[in-house]
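Peer 1: from the sequence below, what's the structure:
(chains A and B)
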There are 2 protein chains.
Amino acid sequence: MAKWVYTFGEGKAEGESGLKDLLGGKGADLAEMARLGLPVPPGFTITTEVCSYYYANGKQFPAGLADEVEAALGYLGRSTGCSFGDEHDPLLVSARSGAKISMPGMMDTVLNLGLNDMAVEALAKSSGDTRFAYDSYRRFIQMYASVVLGIEHHIFEEILEYYKETKGVTFDTELSSGDWQKLVADFKSRVERTLGKPFPQDPREQLWGAISAVFDSWMTPRAVSYRRLHSIPGNLGTAVTLQAMVFGNMGETSATGVAFTRNPSTGAKELYGEFLANAQGEDVVAGLRTPQYITEAARIVAGAQEPSMEAAMPKVFAEFVSAADLLEKHYHDMQDMEFTVERGKLWMLQTRKGKRTSIAALRIAVDMTNEGLIDQAEAITRVEPSSLEQLLHPAIDPDAPREIIATGLPASPGAASGEIVFSASEAEDMKNAGRKVILVRIETSPEDILGMHAAEGILTTRGGMTSHAAVVARGMGKPCVSGAGAIRVNYAKETMTAAGLTFNKGDMLTIDGATGQVIKGIVEMRQPELSGEFTILMAWADAVRRLGVRANADTPRDAHVARKFGAEGIGLCRTEHMFFEGERIVTVREMILAEDEAGRRAALAKLLPMQRADFTELFEIMSGLPVTIRLLDPPLHEFLPRTDVEIAAVSEAMGILPEKLAQRAAELQEFNPMLGFRGCRLAIAFPEIAEMQARAIFEGVVAAQRKTGVAVRPEIMTPLVIDEAEFDLIKACIDRMAQAVATEANETIAYSLGTMIETPRACLRAAELAKTAEFFSFGTNDLTQTCLALSRDDAGSFLGDYAAKGILPANPFATIDQEGVGEFIEIAVARGREKRADIKIGICGEHAGDPASIAFFEKAGLTYVSCSPFRVPVARLAAAQAALRYKPGK
Amino acid sequence: MAKWVYTFGEGKAEGESGLKDLLGGKGADLAEMARLGLPVPPGFTITTEVCSYYYANGKQFPAGLADEVEAALGYLGRSTGCSFGDEHDPLLVSARSGAKISMPGMMDTVLNLGLNDMAVEALAKSSGDTRFAYDSYRRFIQMYASVVLGIEHHIFEEILEYYKETKGVTFDTELSSGDWQKLVADFKSRVERTLGKPFPQDPREQLWGAISAVFDSWMTPRAVSYRRLHSIPGNLGTAVTLQAMVFGNMGETSATGVAFTRNPSTGAKELYGEFLANAQGEDVVAGLRTPQYITEAARIVAGAQEPSMEAAMPKVFAEFVSAADLLEKHYHDMQDMEFTVERGKLWMLQTRKGKRTSIAALRIAVDMTNEGLIDQAEAITRVEPSSLEQLLHPAIDPDAPREIIATGLPASPGAASGEIVFSASEAEDMKNAGRKVILVRIETSPEDILGMHAAEGILTTRGGMTSHAAVVARGMGKPCVSGAGAIRVNYAKETMTAAGLTFNKGDMLTIDGATGQVIKGIVEMRQPELSGEFTILMAWADAVRRLGVRANADTPRDAHVARKFGAEGIGLCRTEHMFFEGERIVTVREMILAEDEAGRRAALAKLLPMQRADFTELFEIMSGLPVTIRLLDPPLHEFLPRTDVEIAAVSEAMGILPEKLAQRAAELQEFNPMLGFRGCRLAIAFPEIAEMQARAIFEGVVAAQRKTGVAVRPEIMTPLVIDEAEFDLIKACIDRMAQAVATEANETIAYSLGTMIETPRACLRAAELAKTAEFFSFGTNDLTQTCLALSRDDAGSFLGDYAAKGILPANPFATIDQEGVGEFIEIAVARGREKRADIKIGICGEHAGDPASIAFFEKAGLTYVSCSPFRVPVARLAAAQAALRYKPGK
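Peer 2: A predicted model of the protein is given here:
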């Protein structure tokens, strides 16, 4: 017979941390803490299997559950000396959701369950504090009505605000016992008016209502959307944990708080947290009162007046420190803990793996390895590769002038600039339109998740370091400033005011998540310094990874950055970018507008020395590392001017008639340029272009070798190939040029020739291509476009709708579409290797910097990935993680 | 030891018709005729293996060849009583090329080989005709100089023309023996002046020069281009046949002619041909003199004055008729024969399978089957499917007024209109630009082949029914009028004059290949009548084919044509075409411009009755045959006006601001519309469109069923699918509408839902798609575009260059790219059938009407093809041929 309920408390538990599937993270870790002998209020967890049963059976509970719950309530009663539903000695419980994977804020909590008109009096008596009892009751009504009965939270806040206004008071603490009694009555009558029936007085009705509400919240749109965003399966279900209440708001010897075993911002090995005396848990998270520091050291650094917990409650503090120590050692990871002190007695309410910034993740991983808590392989998996990019991106230049309009909490490091938007949906829209935005909210809520993803940075005017905005932003690796209370936001007018200035939607704003500064306009940024831990972890990663990591670099600047970040070569040098620079574009236009081959050759002859100089410099910078050069790829009309004004200017500069220029541009215009006259089709039609490029490369090789004495071996690749005959024709042309330059220079020139694989047909023809191609490089951008018949430039208008409807949930241009494009890659790899076993196979599309895609490329057996220079560390770490994951025997 | 030379003559031969690989068509059939006891001048054939040796060994001949040739010359000498190279009794020979596959006009011929200053005198003596001897000598010099020595033919024509002018004569026949002697001297000195050495007098030097020239002509660009166009392998090589000369120009008892065993234009069982008395073979082909009819019946029908061969040479005629009879029965096919009569003696010079019009091919195939010469399966293979389309296309309406400007020979049936062009290359360019042209030439040559392919029809001012233009046009199934001598063409000015009118390049012209009429402007056409043979052969084809044949039909007119041509249903009804008709476009634009779903629904409600009426009518016409309807496919901006003028007009009609219209049109504009917001993406974003279409279909089903009493079972398909989730969402929507309409009408509605397969990803996901899709239909146009990353609208600018360079020699939009797109189809078929064994799989792209592609679809195991209505008979026949080819055990 199924067991639906697992109890815990008093140093023992039926569950354990290994049962997260069944008990959810929260329930399993509470059981584990109980087993570890930590002070955990007794409770029990209703399993996720009940949730599955509930949804599979029209929201009915399984037979036997009620009996098991009653038995567990009996256990709680014995353990606490109270009794659930008893009018004189009522047992009060909290109900919390808990899925296997933490979904912060997505599920709802109800505290003080079991209170009613009778029990509140008993609570007043047992606590000796009527005010506390009625405050607890009104909190319960408010929470229960909101979470279970569907009455919006703000309705009660408004009643409370109105009451305080008429009383002329500002803070809740100014309200008396009688005030809370009056408010409880107001709250109850408001519930009755809204629902047409009174607030439930039966504790068991309350209990089952709360359990149902937790299960129901599993399928709310926001939960479904969060799971989709994080690829969490929907059939996991949530557990419900019911736990005897302990109260942090029973006077000044009571408190509630949250803490991390290490600093989640810096990773420093120091207890880090906040607490509020005489408060319940949600008071800390809500950020309505400014919390106090846990440690004396932190208080001193911050210059805060309110005493630290270390000073105010030294015995409890000591007990908490050893609990934190125990938990970190037990879990081998930094813990995020919630606790309550009830009249001097410490209760641990939760522990879980703590979210951390990427800097902190790096430091903690390296420190813990050095401390012997984890090994290097484990350290590698502890850092989310994507978060590294944040470390590498520019921060605000300390010397740049900045007009600070407000300062909030440095909630998530990094700096960002963008246009102000005031709603998450607008952030999404702007992002889809290619704009950069700062999402400004009074506070954020789970509904805002997608908008936070879309924003460059997040600014809130309320909430602390552990507020929703701060936690989520750190998880995302986005800059965030929280609790910037000096800023007033008017959602209706879409304005914000600060420092006497009014900002409208669309105005530029900069936030500095490292300092908490909010700055007017755009501020100059500077390159970040890389920490020692970064270098150490990268070295560990490099030692285990199998995939090579190169960079896509077109310019000397790119190449320098690439080398600095550890690129092992250039995997894609787009030569067309060289065609746009400075005066060259004029010569390129001459080439395109030439009447015949002779005219083209004349213009190309002028381009030759420029391209040669480009390549020479690149080869020198890369100093013997491989450099993969792609022949000219884009449609020629991209080089021509478009508007009448541009055409007039260019035609004057070139000394030709504007009509002729306009006509040639019109001739070159295409219906579907992505599928048009581009890629190797240019080299087939105009071999003289490929000849010039090949000559420039080989002359560059000779020049760089003579200058540096280091052998250069360029890899030249042909774009948009669909048939081996194309490649072979171009190969013959390049081979001829190599021979010619070698003869002229009287040197031998080593090089290899390969092909891009970026059309479905090329994937099928990989064996034939590999007969003569010495390497492949997957162009996954174009391969995604052709495989899915999906224009990257046009898909924005409907891809969002697709994701919302569960079609292609991951953007296929960000993360490789394994079921489609992925299979094409596998086909091409298999066929290419069948013909040429040792063929080098890389990938140089956007996906080369995406960790999920890199895991696939590792599995598919590619030789290297080549990504943008800033993504190189991301790729190195992701490649190491993938190597560990797909290690033989794993 | 290899045998390089095969002799024939005097009723026996070393070769036979089965040795075409070795002896070429001409040599093998001459050997066969000799074996049949027909009068063939003795000769010998140098094998294609010598050609292969020649090219493999730097144009050297194999050892032993010279000896074998000498032995064969000896045999000829014994047989004719002359001796090659003898001054007194010279043996003269012809040298002709002959490949396995007939390449008309592509290879060169030299007659009268062995003539020199001595031999000509001997010939004069032996023939008793000095004029004949010198005329033969000058022909030899002219031909030899042109073919072997590389001196252009027209140089000698000019000398001749100039000589005639100075003599004041018009016709060659007016020239005397002395004139020819003078001209021989002029020709020889011209050769010597050009080459710096005299015309070769040594018969063996002449002989080996001619042999080399034949082999060399195998690799001329025009030969290479012809082979590429006709997919003839380049390594076949050509044979050389040397044969004792016989002379048709030895006076009025001599003659030369060509004839077919049946009428090549109509297929009628009647000897059909032309001859010229006192002439050599090239005189007939050149069309300089008007030939006489072979049979008296033909002469009478034509009302010709010159006597027929039947009347002029009754004994020779009778002998020729029985030879023709024997050959046709022997080869079981209509023969194209060349013969010469030398002083009353018939000599057969060639027989080969006769080219014929498609009407003739049909009639001959059916007649021969009825005569017991061939069986039905053979008859099916005897007609080129593509040629049938010509029979089905409109001919000139006999009641239409027509301004006839000239009448030539009805060289190839069918009628065509187009812009006049005067060069083959221009015809190609215009075709590539999407224009229809009539190629007008004085005469055509093999260099014009590609331009003839590009033209709608061909008009020549010189040449007979067997001229190059006529033969090639019939082979291509293109309308052709030849020898319209009243028309003057001026290539330099690009004009033609006729009937006192001057026509410029680009002027519209119509030709009627059935009557030989050349008509000014465009003339109304009418539907063709289908012959009884057509119906019979189609019935035979239908009996053997496995593939179903449906039509792509969007309108009632299409549907009627489709049924008339034997379509077994509609395989593709493009609903968007209905959206453009008449007033509807305004409503469609309202729908697109609507601000929200409610606005779209309002416009769609207006479209519903129109679409319903469309479908009702289609269902009625198709009367129970399957009708496959594709949901709306094109990008919405295709429905919006483009130019300012259009926008102004539409906005006024719709009562909205032009700015709004322009803005919405701009919003909908895409970079790559082929890969953009279209196909099922529309139905995902705007399900209300799919709902309206589904409702219109189902209401149409109900209406048609009630009206006709015949059950209708529509097949609805979803375009541009890339993932099963798309299909399933749309399927749910359609199923809902079916249920709704069924309930409203209180009827059950049968239908099936399927998906287009037109993206590479859909091919890979075929198994998943087949879980819910009941049928597939390959959209090979889009599949080709995506698989090859090749925009059909843009590829024209470089595909020609590709074909010229041997990349993708066949246009992948005309004939399925088997190595790429074909493999995708095979993958999808295998995966789809794996999941749903009996899934119906069709193809509805352009390729469905292409015989080569149909052969592939048969092999791939598709269920049906669906092509344009006029291609339905083509597809039926091609499917039958494919079924015979891939029949189990074949």
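
Peer 1: tell me what A:Tyr293 is bridged to.
Peer 2: Note on A:Tyr293: beta-bridge partners A:Glu274, judged by DSSP bridges.

Peer 1: right, and it touches A:Arg299 too?
Peer 2: Yes - look at A:Tyr293 against A:Arg299 with Cβ atoms under 8 Å: they come within range, at 4.1 Å. Every C-beta, even on glycine, is put in place using the N, C-alpha and C of the backbone.

Peer 1: more crowded one of those two?
Peer 2: Higher neighbour count among A:Tyr293 and A:Arg299: A:Tyr293, with 25 against 19, using other Cβ atoms under 10 Å in any protein chain shown.

Peer 1: for A:Leu276, see how far away the more buried one is.
Peer 2: Distance from A:Tyr293 to A:Leu276, counting by Cβ to Cβ, to the nearest Å: 11 Å.

Peer 1: just A:Tyr802 next, same as before
Peer 2: Applying Cβ to Cβ to A:Tyr802 and A:Leu276 gives a distance of 45 Å.

Peer 1: and for A:Tyr293 and A:Arg299, which residues touch both?
Peer 2: Contact criterion Cβ atoms under 8 Å, 6 or more residues apart in numbering or on different chains; residues shared by A:Tyr293 and A:Arg299: A:306, A:308.

Peer 1: list the contacts for the residue of the stretch 501-650 of chain A found nearest chain B?
Peer 2: Closest contact between the stretch 501-650 of chain A and chain B, by Cβ to the nearest Cβ, is at A:Pro635 (8.9 Å). Neighbouring residues of A:Pro635 by Cβ under 8 Å, 6+ apart: A:668, A:670, A:673, A:676-678.

Peer 1: for it, give me the pLDDT.
Peer 2: Looking at A:Pro635, its pLDDT is 87.

Peer 1: returning to that earlier point: pLDDT and distance to A:Ala259 for the contacts of A:Pro635 - can I get that in CSV?
Peer 2: Converted to CSV, these look like this (pLDDT from 0 to 100; distance: Cβ to Cβ, whole Å):
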residue, pLDDT, distance to A:Ala259
A:Leu668, 79, 65
A:Glu670, 85, 62
A:Pro673, 90, 57
A:Gly676, 93, 61
A:Phe677, 93, 63
A:Arg678, 94, 58
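
Peer 1: of these, list those near chain B.
Peer 2: Residues of the contacts of A:Pro635 in contact with chain B (Cβ under 8 Å from any Cβ of the partner chain): A:670, A:673, A:676-677.

Peer 1: from the residues you listed, which two are the most distant?
Peer 2: Maximum pairwise distance among these (Cβ to Cβ): 8.1 Å, between A:Pro673 and A:Phe677.

Peer 1: do you know how far the closest residue to A:Gln376 other than its chain neighbours is from A:Leu362?
Peer 2: Excluding the flanking residues, the one nearest A:Gln376 by Cβ to Cβ, 6 or more residues apart in numbering or on different chains is A:Trp540, at 4.6 Å. With distances taken as Cβ to Cβ, A:Trp540 is found 11 Å from A:Leu362.

Peer 1: who's more crowded, the two?
Peer 2: Set A:Trp540 next to A:Leu362 and count neighbours by other Cβ under 10 Å: A:Leu362 wins out with 28 against 20.

Peer 1: what helix or strand is the more buried one located in?
Peer 2: helix A:358-370 (DSSP states H and E).

Peer 1: what is the helix or strand that that helix is followed by packed up against?
Peer 2: Past helix A:358-370, further along toward the C-terminus, the next helix or strand under DSSP H and E is helix A:376-381. Under the contact criterion of 3 or more Cβ pairs under 8 Å, 6 or more residues apart in numbering or on different chains; DSSP states H and E, helix A:376-381 touches helix A:358-370, helix A:532-544, helix A:872-885.

Peer 1: okay, those helices in CSV with distance to A:Ala379 next?
Peer 2: What follows is the helices and strands packed on helix A:376-381, written out as CSV (distance: least, Cβ to Cβ, whole Å):
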stretch, distance to A:Ala379
helix A:358-370, 4
helix A:532-544, 6
helix A:872-885, 10
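
Peer 1: return the most buried member of those helices.
Peer 2: Burial of these is given as mean neighbour count (mean count of other Cβ atoms under 10 Å in any protein chain shown); helix A:872-885 ranks first at a mean of 26.

Peer 1: could you pull up the mean pLDDT of that one?
Peer 2: The pLDDT scores in helix A:872-885 average 96.

Peer 1: that one vs helix A:532-544, what angle?
Peer 2: 50 degrees (axes from the mean of the first three to the mean of the last three Cα atoms, to 10 degrees).

Peer 1: got a list of contacts for helix A:872-885?
Peer 2: A:377, A:380-381, A:383, A:385-386, A:388-389, A:391-392, A:534, A:537-538, A:540-542, A:544-547, A:549, A:551, A:562, A:565-567, A:848-851, A:854-855, A:857-859, A:865, A:867, A:890.

Peer 1: in helices only, show me those.
Peer 2: The helices, defined by DSSP state H, take in A:377, A:380-381, A:385-386, A:388-389, A:391-392, A:534, A:537-538, A:540-542, A:544, A:562, A:851, A:854-855, A:857-859 from the contacts of helix A:872-885.

Peer 1: for stretch A:751-758, which positions count as buried?
Peer 2: Neighbour-count burial for stretch A:751-758, with 16 or more other Cβ atoms under 10 Å in any protein chain shown as criterion, is recorded at A:751, A:753-758.

Peer 1: ok, and of those residues, which contact chain B?
Peer 2: Restricting the buried residues of stretch A:751-758 to those within reach of chain B (Cβ under 8 Å from any Cβ) leaves A:Glu758.

Peer 1: for A:Ile570, what are its contacts?
Peer 2: Contacts for A:Ile570 were tallied using Cβ under 8 Å, 6+ apart; they are A:550-553, A:559, A:562, A:618, A:622, A:625-628, A:866.

Peer 1: who wins for most neighbours among the residues you listed?
Peer 2: A:Ala551 (32 neighbours).

Peer 1: stretch A:785-800 vs chain B: in contact?
Peer 2: Yes - using Cβ under 8 Å from any Cβ, we find that stretch A:785-800 touches chain B at A:785-791, A:793-795, A:797-798.

Peer 1: got it, and stretch A:415-434?
Peer 2: No - Stretch A:415-434 does not reach chain B (Cβ under 8 Å from any Cβ); its nearest approach is 11.4 Å.

Peer 1: can you get me the start-to-end distance on that stretch?
Peer 2: Stretch A:415-434 has an end-to-end distance of 19 Å (Cα to Cα, to the nearest Å).

Peer 1: my read: A:Gly408 touches A:Gly516, true?
Peer 2: Yes - in this structure, A:Gly408 is within contact of A:Gly516 by Cβ under 8 Å, at 4.8 Å.

Peer 1: so the two - more neighbours on which side?
Peer 2: Each of A:Gly408 and A:Gly516 has its neighbours counted (other Cβ under 10 Å); A:Gly408 has more, 26 against 19.

Peer 1: ok, the residue nearest to that one when sequence neighbours are not counted - how many residues close by?
Peer 2: Nearest residue to A:Gly408 in three dimensions, chain neighbours excluded: A:Ala484, at 3.0 Å (Cβ to Cβ, 6+ apart). If you count neighbours by other Cβ under 10 Å, A:Ala484 ends up with 25.

Peer 1: which residues are in contact with each of A:Gly408 and A:Gly516?
Peer 2: Residues within reach of A:Gly408 and of A:Gly516 at once, by Cβ under 8 Å, 6+ apart, are A:481, A:484.

Peer 1: where do the helices sit along the stretch 201-350 of chain A?
Peer 2: All helices of the stretch 201-350 of chain A, identified by DSSP state H, counting those that start in this stretch, fall at A:203-217, A:221-229, A:281-286, A:296-302, A:309-312, A:314-331.

Peer 1: what's the average pLDDT for the last one?
Peer 2: Throughout helix A:314-331, pLDDT has a mean value of 97.

Peer 1: list the buried residues for that helix?
Peer 2: Of the residues in helix A:314-331, those buried under the neighbour-count criterion (16+ other Cβ under 10 Å) are A:316-317, A:319-321, A:323-324, A:326-328, A:330-331.

Peer 1: returning to that earlier point: tell me which of the helices of the stretch 201-350 of chain A sits nearest to A:Glu826.
Peer 2: With Cβ to Cβ as the measure, helix A:221-229 is the member of those nearest A:Glu826 (26.0 Å).
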